[in-house]
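[1] Generate a structure from the sequence data that follows.
(one chain, ligands or ions: 2)
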Amino acid sequence: MIVGIPKEIKNNENRVAITPAGVAALVQNGHSVVVENNAGKGSNFTNEDYAAQGAKIVDSAAEAWAADMVMKVKEPLPSEYGYFREGQILFTYLHLAPEPELTRALMEKKVVAIAYETIQLDNGALPLLMPMSEVAGRMSVQIGAQFLEKQYGGKGVLLGGVPGVPKGEVVVIGGGIVGTNAAKMALGLGANVTILDVNADRLRQLDDLFQGRVQTLISNSFNIANAVKKADLLVGAVLIPGARAPRLVTEDMVKEMAPGSVIVDVAIDQGGSIETVDRITTHDNPTYEKHGVIHYAVANMPGAVARTSTLALTNVTVPYAVQLANKGYAQAIRDNKALAKGVNVIDGKVSYKAVADAHNLPYASVEDVLLVKN
Ligand SMILES: NC(=O)C1=CN([C@@H]2O[C@H](COP(=O)(O)OP(=O)(O)OC[C@H]3O[C@@H](n4cnc5c(N)ncnc54)[C@H](O)[C@@H]3O)[C@@H](O)[C@H]2O)C=CC1
Ligand SMILES: CC(=O)C(=O)O
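    Ligands and ions are numbered 1, 2, ... in the order given. Below is the predicted model of the structure:
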């Protein structure tokens, strides 16, 4: 199989879908890898690094997109939709619930669209989302700490405080991978940390993990309203896999926050969890202010720490890519239940229920689609 790696084109997206080690793994399995010129530059991999492992370097995005399987990091942008082809495998983050146009383009062109973020193990874990959630969770606190500084428009609070002065209050909604990593960083800086989650068992685990050093609260509108009011830094970290993020923090709750407080809505890639987060921001222009509160809603946070992120991402994506390339998508999906959950669009149909529901489209299970095709 030919595997294509286009250069990422989203604002400040410096990650790349493969490392030279990933090229080596595919080539050792008998596949060809086509890498767009300078695709790895933002992650400090040169064309020569890829070529040394057997990749062919091509000048244009069109040549990389001509492959049987295209591996990317972020969802294709409208300028890339023209490259879609029937039966082509697209393996990348897709976040289709807030993306109706992209969903339709993938359906119309009958692309086999496999989303990193919905590949799911039997225990519920999302192994291809996890490393980027670790990165974004950790970043959320360092970014929040920066924007709390006066020169960035913040209220001038140091999260750790100093002896004799109150610590900063960090409130995290969603105690999964992003939430846990945000809490680790916030505790490390010496802040007071509150985590809310709907899953009481998860709160028990967090209480154990942090040995009682975080305040855990069950997530409901009453507890959210009270926690948000006192937050210096609010981190949105909820997820219902594949679905549009629930809007848990209302505009009225944001109005109760003190001026100069900061919101980092990490869940923006699934549409955002805070009512006043009404746009996606970029690394170039990461914040806006509403009701005196600084809002940060960058949907590709890990792109800013691209070297770390590319290594962490490809550690987990490449083994699945090798399965897809070795077996073809139909057999690979049949053999691997976790991978099958990643299939969001196939043969013109939406095969992930939460995505179909988000767009009021009919749902067809991937198993049914494959049965009909045989
Ligand atoms: N902006 C960016 O650059 C990035 C965004 N993300 C996004 O961050 C979000 C969180 O990801 P993960 O932590 O990996 O997910 P996760 O599945 O590990 O954790 C989500 C948590 O949200 C909780 N939850 C669900 N509904 C809730 C509610 N009503 N109230 C409180 N908690 C609720 C779940 O119980 C779960 O513990 C996702 O949307 C993910 O795509 C991840 C990486 C980068
Ligand atoms: C998860 C995701 O969308 C990202 O890492 O950019």
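[2] what sits against the closest residue in space to Leu196 that isn't next to it in sequence?
    Nearest non-adjacent residue to Leu196, counting by CB to CB, 6 or more residues apart in numbering: Ser219, 4.1 Å away. C-beta: built from backbone N, CA, C; applies to glycine. Residues near Ser219 by CB atoms under 8 Å, 6 or more residues apart in numbering: 173-174, 196-198, 248.
[3] Buried subset of the residues you listed, written for ChimeraX?
    Selection command for ChimeraX covering only the buried members of the contacts of Ser219, criterion 16 or more other CB atoms under 10 Å:
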select :173,174,196,197,198,248
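[4] Turn the contacts of Ser219 into TSV, including secondary structure and distance to Thr314.
    Formatted as TSV, those follow (DSSP: H, G, I helix; E, B strand; the rest coil; distance: CB to CB, whole Å):
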residue	secondary structure	distance to Thr314
Ile173	strand	30
Gly174	coil	26
Leu196	strand	33
Asp197	strand	30
Val198	coil	32
Leu248	coil	33
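[5] Can you tell me how far the residue nearest to Leu196 is from ligand 2?
    Distance of Ser219 to ligand 2, given as CB to the nearest ligand atom, to the nearest Å: 22 Å.
[6] Quick one: low-confidence residue ranges for the protein.
    374 (pLDDT under 70).
[7] Quick check: what element follows the longest helix seen in it along the chain?
    Ranked by residue count, the top helix of the chain under DSSP state H comes out as helix 306-335. Moving toward the C-terminus from helix 306-335, the next helix or strand (DSSP states H and E) is helix 337-340.
[8] I'd like to know which elements that next one is packed against.
    Contact here means 3 or more CB pairs under 8 Å, 6 or more residues apart in numbering; DSSP states H and E; on that basis helix 337-340 packs against helix 306-335.
[9] tell me which residues in the helix it packs on are buried?
    For helix 306-335, by 16+ other CB under 10 Å, it's 306, 308-310, 312-314, 316-318, 320-325, 329, 332-333.
[10] hey, where'd the helices end up in this structure?
    Ranges of helices within the chain are 20-28, 47-51, 61-65, 100-108, 130-147, 177-189, 200-209, 221-230, 251-255, 306-335, 337-340, 353-358, 366-373, based on DSSP H.
[11] Make TSV out of the ones you listed and add distance to Arg85.
    Supplementary listing: these in TSV, determined by distance: least, CB to CB, whole Å:
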stretch	distance to Arg85
helix 20-28	20
helix 47-51	24
helix 61-65	8
helix 100-108	11
helix 130-147	27
helix 177-189	34
helix 200-209	42
helix 221-230	45
helix 251-255	43
helix 306-335	14
helix 337-340	21
helix 353-358	21
helix 366-373	17
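[12] Tabulate those (JSON lines), appending distance to ligand 2.
    Listed next are the helices of the chain as JSON lines, based on distance: least, CB to the nearest ligand atom, whole Å:
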{"stretch": "helix 20-28", "distance to ligand 2": "17"}
{"stretch": "helix 47-51", "distance to ligand 2": "22"}
{"stretch": "helix 61-65", "distance to ligand 2": "19"}
{"stretch": "helix 100-108", "distance to ligand 2": "13"}
{"stretch": "helix 130-147", "distance to ligand 2": "3"}
{"stretch": "helix 177-189", "distance to ligand 2": "9"}
{"stretch": "helix 200-209", "distance to ligand 2": "20"}
{"stretch": "helix 221-230", "distance to ligand 2": "24"}
{"stretch": "helix 251-255", "distance to ligand 2": "24"}
{"stretch": "helix 306-335", "distance to ligand 2": "7"}
{"stretch": "helix 337-340", "distance to ligand 2": "17"}
{"stretch": "helix 353-358", "distance to ligand 2": "15"}
{"stretch": "helix 366-373", "distance to ligand 2": "22"}
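[13] For ligand 1, what's its nearest residue on the protein.
    Going by CB to the nearest ligand atom, ligand 1 is nearest to Gly176 of the chain, at 1.7 Å.
[14] my guess is that residue meets Val235, correct?
    No: if you go by CB atoms under 8 Å, Gly176 and Val235 don't touch, sitting 11.6 Å apart.
[15] out of those two, which sits in the more crowded spot?
    The neighbour comparison of Gly176 against Val235 (other CB atoms under 10 Å) goes to Val235, with 33 against 22.
[16] My read is that that one contacts Val141, right?
    Yes: with contacts counted by CB under 8 Å, Val235 reaches Val141, the gap being 7.3 Å.
[17] Common neighbours of the two, please.
    Common neighbours of Val235 and Val141 (CB under 8 Å, 6+ apart) are 170, 182.
[18] quick one on the thing from earlier: same for the longest helix of the chain, what does it pack against?
    Against helix 306-335 (3+ CB pairs under 8 Å, 6+ apart) you get helix 20-28, strand 69-71, strand 89-92, strand 112-115, helix 130-147, helix 337-340, helix 366-373.
[19] of all the contacts of Ser219, which two lie farthest apart?
    The span of the contacts of Ser219, defined through CB to CB, is set by Asp197 and Leu248 at 11.0 Å.
[20] tell me, what's touching these two both at once?
    Common neighbours of Asp197 and Leu248 (CB under 8 Å, 6+ apart) are 173, 219.
[21] and the residue nearest to Ile57 when sequence neighbours are not counted, what does it touch?
    In this structure, Ile57 finds its nearest non-sequential neighbour in Asn47, 4.7 Å apart by CB to CB, 6+ apart. By CB under 8 Å, 6+ apart, Asn47 lies in contact with 35, 37-38, 40, 57.
[22] Which of those residues fall in strands?
    35, 57 (DSSP state E).
[23] Save the contacts of Asn47 as a markdown table, and put in distance to ligand 2 too.
    What follows is these, written out as a markdown table (distance: CB to the nearest ligand atom, whole Å):
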| residue | distance to ligand 2 |
| --- | --- |
| Val35 | 20 |
| Asn37 | 23 |
| Asn38 | 20 |
| Gly40 | 17 |
| Ile57 | 25 |
